[in-house]
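**Q** okay, predicted coordinates and the sequence, questions at the end:
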Amino acid sequence: MPPILTVNGISKVNAGDLNLKPVVQVIELKAVGSGERYRILVSDGSETQQALLATQLNEIVKGGRLKIGSVVQLLEYICSTVQSRRIIVVLNLEVIIVENEIIGNPKLLSEVQPSFLNPSTTNNSAPSKPVSLNGASGSHPASRFNVNPSTNQSGNSNNFQPTVQPSYKPPPNYRNHGAIMKNEAPPQVIPIAALNPYQGRWAIKARVTSKGDLRRYNNARGDGKVFSFDLLDSDGGEIRATCFNVVVDRFYDVVEAGKVYLISKGSLKPAQKNFNHLSHQWEIFLEATSIVELCPDEDSSIPEQQFNFRLISEIENTENNSILDVIGIVTAVNPSATILRKNGMETQRRILNLKDISGKSVELTLWGDFCNREGRDLQEMVDSGFFPVVAVKAGKVNDFSGKSVGTISATQLFINPNFPEASKLREWFDEGGRNIASQSISKDATPGIPRNEVRKNVSQIKDEGLGRGEKPDWVTIKGTISFIKTDNFCYTACPLMIGDKQCSKKVTKVGNGRWCCDRCDKEFEECDYRYLLQAQVQDHTGVTWVTAFQESGEEILGCSAKELYKIKNEENDDARFAEIIRLSIFEQYLFKLKIKEELYGDEQRLKITVIKAEKVNPTMESRYLLDLIMKM
């Protein structure tokens, strides 16, 4: 018996019936653009209509469960009008029959007249240029729509009920008490998933789940500042909002993570996926006329946060640079280490080990402030014998020498959260999971020793010709400082800030007693002082000269260059100065060194710079030596 399609289903959906849930047949299926979206032609047996699949339905097509001839029931959908043409945007469907012969002799639904439409769904802001819906010419406008609501914690799509969204009421100072003119009616609150550039008037009600730091930048147009925040609504839709320059001044202090806001009058632009991990195709850019109104009554229908946790075993087959959520038990925490990035800037890195019920473990790399905030707390817990649960929101997958997960600017960490997944994981671990061996999907590393650390001794610097190649060599040497030059241990530096960084260039004193920086082209009353230490490092194989700048100089001497300068040159306390130098002599350190041959005049010289000087931790060093013995 052939399947029964919903009679007049296409006409009823176009008339605005979003609760019908019609049974229709797919008679065409095409990939849109680069294949990230799919367009279908659906039929009720007599009429057909163009439709666009939400991106969360892509797997149904790729898996072969939806194809030409499939009979499906549309469970969740919305309709949009572009140039008097209706497009069905399918958010959720159920495949009833995978393959079937084409039913009836359906024809394309005729042009929809304005009187036929539900006034609440009519769009007055359609593009003025003709747009092709059949793909014969131009780009399919529906391919630019985003209808990809995020999933809830169980991985299921949230219910989508756009017909019950309340109308947006603007704040009193924006309310028009006179006659409402054309296009001046308050915008309707719509789901985030339904946002698209063809809507001239819209409003969303959403919770701020994450607020980014204020960042400053410099380009050909000059200096600027920017910040972003992520939004989540009651239907599970997520989108990012971004503010630049004067708009930052207006909204940065207004927006708070965890609060619910009504937002309207922003522009929608394509999301830059290099910086935006959310699934929405669009991003909101707030403007001077935008409205961000705090909702005084918290909306319990909007969750505090939304996760789509992946088992660690699933990460092993995940593509590099993917953004995902993961939860696990922290079984080991390495000390924080200083890393020099490719742009020459230093940052902190700390590596954790996570395990879960899948029988696999993975390295979680914390970068920057995460190392000193959450990282320090986690290390104290593990060192005390307690193994906490950590949930990672928006971690980035790295496939260098195995799979690992790292933090990015949008990452959030939750330690021992009150989640069902966390409770289940804790119960499993306490009832025997701690004793179950887990197979690591990451590069094997000795606990307590930073990844990619290359241990050398002093004699190997010369014997192996380190630093003589095109790129510098990075090595770690365990040794002591046997001598420090004290005549010129620091230099006068520019204290001015360029964006978020101090200039720090060498400055000179001018005739009026002020200091002048050639780089900043400015004068100021007081300068800063920064270390330029010249010291001898030795181990059991030999001695070498090294240079230590500000941060590593402070690690060696235990005080800032400005403090030491005042002790010697302003307070003239030679005894105290000598004691500070003496206490640093013959102390055992792990020196992280950058070695590179450079040209001085006409002579090639080897420059060895101390990037980090860390006092040897006997426990960690013993663990490292035992591991070397085991490998022998």
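**A** Happy to help now that I have it.
**Q** look up phi and psi at residue 251.
**A** Torsion angles at residue 251 (phi, psi; degrees, to the nearest 10) stand at phi -120, psi -10.
**Q** tell me if I'm right that it and residue 243 touch.
**A** Yes. Counting by CB atoms under 8 Å, residue 243 is a contact partner of residue 251 at 5.3 Å. Yep, even glycine has a C-beta here, placed from its N, CA and C like the rest.
**Q** anything in contact with each of these two?
**A** Counting by CB atoms under 8 Å, 6 or more residues apart in numbering, the residues touching both residue 251 and residue 243 are residue 286.
**Q** who has more neighbours out of those two?
**A** A count of neighbours by other CB atoms under 10 Å puts residue 243 above the other of residue 251 and residue 243, at 25 against 17.
**Q** do you know the pLDDT at the more buried one?
**A** Note for residue 243: predicted pLDDT of 94.
**Q** next one: residue 259
**A** pLDDT, residue 259: 91.
**Q** repeat that for residue 563.
**A** We have a pLDDT of 94 for residue 563.
**Q** is it fair to say it lies in a helix?
**A** Yes. Residue 563: assigned to a helix according to DSSP: H, G, I helix; E, B strand; the rest coil.
**Q** who's in contact with it?
**A** Per CB under 8 Å, 6+ apart, neighbours of residue 563: none.
**Q** give me the buried stretch members for stretch 271-291, please.
**A** 271, 276-286, 290-291 (16 or more other CB atoms under 10 Å).
**Q** and these, which two are furthest apart?
**A** The two members of the buried residues of stretch 271-291 with the most space between them (CB to CB) are 277 and 291, at 26.4 Å.
**Q** centre of the chain versus the strand or helix carrying residue 206, how much separation?
**A** Following DSSP states H and E, one finds residue 206 within strand 203-211. Averaging C-alpha positions (CA atoms, centre = their mean, to the nearest Å) puts strand 203-211 17 Å from its chain's average.
**Q** now it: mean pLDDT?
**A** 92.
**Q** repeat that for stretch 228-239.
**A** Per-region confidence: stretch 228-239 scores 90 on mean pLDDT.
**Q** coming back round to it: now for the helix or strand that the strand holding residue 206 is followed by, which elements pack on it?
**A** Counting by DSSP H and E, the next helix or strand C-terminal to strand 203-211 is strand 215-219. When contacts are defined as 3 or more CB pairs under 8 Å, 6 or more residues apart in numbering; DSSP states H and E, strand 215-219 packs onto strand 222-232.
**Q** flag every buried residue along the strand it packs on.
**A** Of the residues in strand 222-232, those buried (16+ other CB under 10 Å) are 225, 227, 228, 229, 230, 231, 232.
**Q** ditto for stretch 294-306
**A** Residues of stretch 294-306 classed as buried: 302, 303, 305, 306 (neighbour count, 16+ other CB under 10 Å).
**Q** from those residues, which land in strands?
**A** If you go by DSSP state E, the buried residues of stretch 294-306 have nothing in strands.
**Q** can you tell me which of the residues you listed lies closest to residue 39?
**A** Closest to residue 39, out of all of these and judged by CB to CB, is residue 306, at 27.9 Å.
**Q** touching, that closest one and residue 231? I think so.
**A** No. Between residue 306 and residue 231 there is no contact under CB under 8 Å: 11.0 Å.
**Q** intersection of neighbour lists for those two?
**A** Residues touching both residue 306 and residue 231 comprise 209, 238, with contact defined as CB under 8 Å, 6+ apart.
**Q** the domain parsing of this structure - what is it?
**A** Following automatic domain parsing, one finds the domains of the chain at 9-143, 163-169+186-294, 309-440, 458-489+532-631.
**Q** adding distance to residue 498, write those domains out as JSON lines.
**A** Below are these laid out as JSON lines (distance: least, CB to CB, whole Å):
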{"stretch": "domain 9-143", "distance to residue 498": "40"}
{"stretch": "domain 163-169+186-294", "distance to residue 498": "8"}
{"stretch": "domain 309-440", "distance to residue 498": "13"}
{"stretch": "domain 458-489+532-631", "distance to residue 498": "16"}
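**Q** any idea which of those domains has the lowest pLDDT on average?
**A** Among these, domain 9-143 carries the lowest mean pLDDT, a mean of 73.
**Q** pull the number of nearby residues for residue 572.
**A** Look at residue 572: counted by other CB under 10 Å, it has 10 neighbours.
**Q** show residues contacting the host helix or strand of residue 462.
**A** Using DSSP H and E, residue 462 sits within helix 458-463. Helix 458-463 is contacted by residues 466-467, 475, 477, 479, 537-539, 541-544, 595, 606, 608 when judged by CB under 8 Å, 6+ apart.
**Q** switch to 6 Å and redo it
**A** For helix 458-463, contacts defined as CB atoms under 6 Å, 6 or more residues apart in numbering pick out 539, 541, 542, 544.
**Q** going by distance to residue 196, which of these wins?
**A** Among those, residue 544 lies closest to residue 196 (CB to CB), at 63.3 Å.
**Q** so who does the closest one touch?
**A** Applying CB under 6 Å, 6+ apart, the residues contacting residue 544 are 458, 537.
**Q** next, it: phi, psi?
**A** The phi and psi values for residue 544, taken as degrees, to the nearest 10, are phi -150, psi 150.
**Q** for residue 355, same thing?
**A** The phi/psi pair for residue 355 (degrees, to the nearest 10) reads phi -130, psi 150.
**Q** ok, now residue 382?
**A** Torsion angles, degrees, to the nearest 10, at residue 382: phi -70, psi -40.
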